[in-house]
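Student: Sequence plus predicted model, see below.
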Amino acid sequence: MKDCLFCKIIAGEIPSTKVYEDAYTYAFRDINPQAPTHILVIPKKHVASMDAVEEATDTELAACLRAVRLIAKQEKLKNGYRVVSNCGPDACQSVPHLHFHILGGQQLADRMV
């Protein structure tokens with residue numbers, strides 16, 4: 001998508017701190033981290049949110065989840081990590097491109113909200 005922030009990051013038009021890339025996914029450090037480790041995993045194909053996953057293949061979606069595990073191992077998140085995907089305005093999805101937050105590197109709060 002032409003005006004999508006994450007599509008521009010994938011295209012190299014906007015700089016990012018890349019931590020992982022494969023044929024289907026791109027992952028980079030969040031510029032406003034909410035934990036010591038805060039990485040975003042996104043599909044390279046533009047998919048607006050979880051509500052639009054029918055626009056992605058099962059292979060593309062599975063690649064994102066497999067990347068989460070590989071990145072967590074690469075980042076040495078041995079004691080655990082949280083994976084979050086916000087969907088829509090009530091969930092505070094700030095960029096309309098499907099993405100998964102990997103949060104870790106410390107004990108996270110019990111509450112999700």
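Tutor: Great, that's in hand. Numbers count the residues shown, from 1 in each chain.
Student: Which helix in the chain has the most residues?
Tutor: The longest helix of the chain (DSSP state H) is helix 58-74.
Student: Distance from the chain centre to the helix or strand just after it, please.
Tutor: Using DSSP states H and E, the helix or strand that follows helix 58-74 in sequence is strand 81-84. Counting by CA atoms, centre = their mean, to the nearest Å, strand 81-84 is centred 10 Å from the centre of its parent chain.
Student: buried sites along strand 81-84?
Tutor: Buried residues in strand 81-84, defined by neighbour count with 16 or more other CB atoms under 10 Å: Tyr81. (Each C-beta comes from the backbone N, C-alpha and C, glycine too.)
Student: That one pairs with which strands, parallel or anti?
Tutor: Taking DSSP bridges as the criterion, strand 81-84 sits next to strand 100-104 (antiparallel) in its sheet.
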